[in-house]
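Participant: model the structure of this input:
(one chain, ligands or ions: 1)
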Amino acid sequence: MVKIENIIPNIAKSTAEGPVWLQDINSLVFVDTYGGDFNFWNAETKTIDIVHYDDFATFAVPHADGGYVGGVGKKLYHFTIEDPTNFKVLCEVDQGKQTRIVDGKCDSRGRVFFATMGLESKPAVPVLEQACLYSLDTDGTVVCHDDGMHIANSMVWSPDETKLYLTESIPGFIYQYDYDINTGKTSNRKIVCYLPHTEHGIVDRMAVDTEGFLWNCYYRGGKATRIDPKTGEIVRTIKMPTSTVTCVCFGGKKYDELYISSSIYEQDLTVNPHAGSVFRVSGTGCKGFAPNPYRGK
Ligand code: BGC
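Facilitator: Predicted coordinates for the structure are as follows:
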């Protein structure tokens, strides 16, 4: 039996997204993109440590040497919760372009992949054809894998890491690339599915379960779905208590709970009372993976 709990009500200043479960500190990190905050919510004490930068805060993953790699505007920072002003810039992309980073995740070798999007004049209305998929290798090399997209958003690998999946929120595609874990190269892009906004809302960030199925949330769609990447079919839908859900990740000690963030941006709480909350969904019978850390310097 699936149970949905609103565990952090109305926490977002703007758009809460990018949840990642951090087992070592029993916490969920999620960003407040427009507020520039990385929120570290401790599941036991229910307290939040906030790391703030004056730019878009877009995603965070652990760094193997301690601390986190965070997407901040067009840069990747290595920062710690204890001393956030003492951060290191790992790389910067898209100089001169009207873009920013969106999601990022690491493969098992410790490369971090991250996507960019055109800056928005309002939610989901970006500057077009500016978005790219990048990676930062452990030796510091930045590679552009794909370009010319609108909102390249979120990536996951198949459990055997032979495929990399990417959502392009505008216009609403999930792509699959062949992936070579030895070289970190992507090739042979194909469309897994097309998810029209009019039917689903805007396909947002993504997680993968241990059976290789893709989990997505839909901004303005109020649901999370499980997709079979072999057929592109939605095989399961979980209706959420707010329409503005953004992202999903697996977490909890056994990585068998879903954590789902949402946006409060432009929402009227008398109409959409749970907007901007973070939810826990248990009892799906599915499990996910712990986040891989970045292994560069
Ligand atoms: C971005 C939003 C964007 C949305 C599309 C998010 O990950 O941060 O600004 O509008 O994707 O649903």
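
Participant: up against the ligand, what does the chain have?
Facilitator: Remark: the part of the chain in contact with the ligand comprises 15, 17, 33, 102, 120, 123-124, 151, 153, 169, 202, 204-205, 219, using Cβ under 6 Å from any ligand atom. For every residue, glycine as well, the C-beta is placed using N, CA and C.

Participant: of these, the lowest pLDDT goes to which?
Facilitator: Least confident entry in the residues of the chain next to the ligand, by pLDDT: P123, with 87.

Participant: look up phi and psi at it.
Facilitator: phi -50, psi 130 (degrees, to the nearest 10).

Participant: nearest to V278, of the residues of the chain next to the ligand?
Facilitator: E17 (10.0 Å; Cβ to Cβ).

Participant: what part of the chain, helix or strand, is modelled with the least confidence?
Facilitator: Using mean pLDDT, DSSP states H and E, strand 120-122 stands out as the lowest-scoring helix or strand of the chain, at a mean of 93.

Participant: mind checking how far that strand is from the chain centre?
Facilitator: In terms of Cα atoms, centre = their mean, to the nearest Å, the centre of strand 120-122 is set 19 Å apart from its chain centre.

Participant: next structured bit after it?
Facilitator: Moving toward the C-terminus from strand 120-122, the next helix or strand (DSSP states H and E) is strand 125-126.

Participant: picking that back up, looking at the residues of the chain next to the ligand, which two lie furthest apart in space?
Facilitator: Spatially, the most separated pair among the residues of the chain next to the ligand is E120 and R205, at 15.8 Å (Cβ to Cβ).

Participant: report pLDDT for the closest residue to K97 other than its chain neighbours.
Facilitator: Once flanking residues are discounted, K97 sits nearest to Q130: 5.4 Å by Cβ to Cβ, 6 or more residues apart in numbering. For Q130, the pLDDT comes out at 97.

Participant: Q130 and V102: what is the separation?
Facilitator: Q130 is 12 Å from V102, where distance means Cβ to Cβ, to the nearest Å.

Participant: before we move on, the earlier item: okay, now the residue nearest to K97: neighbour count?
Facilitator: Neighbours of Q130 under the rule other Cβ atoms under 10 Å: 21.

Participant: dihedrals phi and psi, it?
Facilitator: Phi and psi for Q130, reported as degrees, to the nearest 10, are phi -110, psi -10.

Participant: quick check: neighbours shared by Q130 and V102?
Facilitator: Common contacts of Q130 and V102 (Cβ atoms under 8 Å, 6 or more residues apart in numbering): T116, M117.

Participant: doesn't V127 make contact with G118?
Facilitator: Yes - proximity of G118 to V127 meets the contact threshold set by Cβ atoms under 8 Å, at 3.3 Å.
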